[in-house]
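Asker: let me see the structure of the following:
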Amino acid sequence: MPLFLGLDAGGSSTRAMVTDGAGSVAFEGRGGPCNLLSTPESIREASLSAALRGAPAVDSVAGCFAGLIDEPGRAWALARLQSAFPGVVVAVHPDWVAALAVDPDVDALVVSGTGSMVASWREGRAEKWGGGGPVLGDVGSAFDVVRAAVTATCLARTERGTDAWWAALEEAFGSREPDGVVAGFSRHPAGFAALAALAPVVGADAEAGHGYALAGLSRLEGLRALLAEATAGQARSRVVLAGGLWDAHPIFARSFASPGATSEREGTREGGEGRQYEVVRSAGPAVLGAARLAARTFYGH
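Answerer: Numbering: from 1, shown residues only. Next comes the predicted model:
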């Protein structure tokens, strides 16, 4: 029976999974960070070696890498895996393709963590919308949601915020004063992630109806617009949510899907032109999707 190796190589960890032709897991491994843009090459090498240590001989490999957006990164990833698995069919993809491939019945994937993007299959190819990073885009990401809350309370100062909000800002950036928050964010070594980490506070305050937090919640409308583009022409779409924003507070998934939907099965939302979205949570880890991509590569489809 053939064996298929999937790799989910991300900015914080690298996971490997080998499955057989029946879908059973034959091996799992884990290593450190392996982002092709931000992780030094020596660390990438060590992370892949750790994740692959003890892996059996396989018939095909699919490596899904964070930061795979240009030819130099693709060439490095392909060469590294071909060296580790000589004579084996190897394919490399951006990491989001693995998340899209987890559920074979999915029409679109909506990722919202520190960044955001929407992906779907178009004529058998994986395509994405958004994903420009916190400076160029990432509408509806955890960072974007919290940034809107900061704008309302610290910059435009149209909203007062709550004690919990100001306490969270002080803990993250060392100040409860608007200018102090801006200065603390600018000096923070991981400011984007630190801001995104405040999404649970914004979610709780949005649930309570506080205006500043509702301003953040409204940023999900831009993510819904990307989803509409990704599913254009489909009467009904099965949409999977992935990423940390959906775990930060149930209101984010409920608001994205439909009013009153639950957090386990997010519900069905009416889209433009009568389209409906069946919104669910991811059926498994991204590395499982990578292993399924390896099987698709082996069978040639």
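
Asker: chain neighbours aside, what residue packs nearest to L100?
Answerer: Excluding the flanking residues, the one nearest L100 by C-beta to C-beta, 6 or more residues apart in numbering is L109, at 4.5 Å. Glycine gets a C-beta too; all of them are placed from N, C-alpha and C.

Asker: what's the spacing between the one you found and A290?
Answerer: L109 sits 14 Å away from A290, going by C-beta to C-beta, to the nearest Å.

Asker: which residues touch stretch 234-242?
Answerer: Stretch 234-242 is contacted from outside by 99-100, 102-103, 105-112, 227, 231, 253, 256, 266, 271, 274-283, 286, using C-beta atoms under 8 Å, 6 or more residues apart in numbering.

Asker: thinking again about what came up before, which SSE is the residue nearest to L100 in?
Answerer: In the assignment (DSSP states H and E), L109 maps to strand 108-112.

Asker: CA atoms only: put that strand into PDB for me.
Answerer: Extracted C-alpha coordinates of strand 108-112, given in PDB (Å, rounded to 0.1, in the frame of the first residue of the first chain):
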ATOM      1  CA  ALA A 108     -13.700  27.900   0.400                       C
ATOM      2  CA  LEU A 109     -11.400  28.400   3.300                       C
ATOM      3  CA  VAL A 110     -11.500  31.600   5.400                       C
ATOM      4  CA  VAL A 111      -8.400  32.100   7.500                       C
ATOM      5  CA  SER A 112      -8.300  34.800  10.200                       C
END
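
Asker: packing partners of whichever helix or strand comes after it?
Answerer: Per DSSP H and E, the first helix or strand lying C-terminal to strand 108-112 is strand 116-122. Secondary-structure packing of strand 116-122 (3 or more C-beta pairs under 8 Å, 6 or more residues apart in numbering; DSSP states H and E): helix 95-101, strand 108-112, strand 125-130, helix 220-230.

Asker: for G191, find the nearest of the ones you listed.
Answerer: strand 108-112 (18.5 Å; C-beta to C-beta).

Asker: so what touches that closest one?
Answerer: Applying C-beta under 8 Å, 6+ apart, the contact partners of strand 108-112 are 96, 99-100, 116-120, 140-142, 223, 227, 230-231, 237-246, 252, 256.

Asker: now those: which count as buried?
Answerer: 96, 99-100, 116-120, 140-142, 223, 227, 230-231, 237, 239-246, 252, 256 (16 or more other C-beta atoms under 10 Å).

Asker: need the nearest residue in space to V97, chain neighbours excluded.
Answerer: What sits nearest to V97 in space, not counting adjacent residues and going by C-beta to C-beta, 6+ apart, is A126, at 4.6 Å.

Asker: next: A77.
Answerer: V92 (4.5 Å).

Asker: for the one you found, which three-state class applies?
Answerer: strand (DSSP: H, G, I helix; E, B strand; the rest coil).

Asker: neighbour count: L109 and A290, which is higher?
Answerer: A290 (32 against 28; other C-beta atoms under 10 Å).
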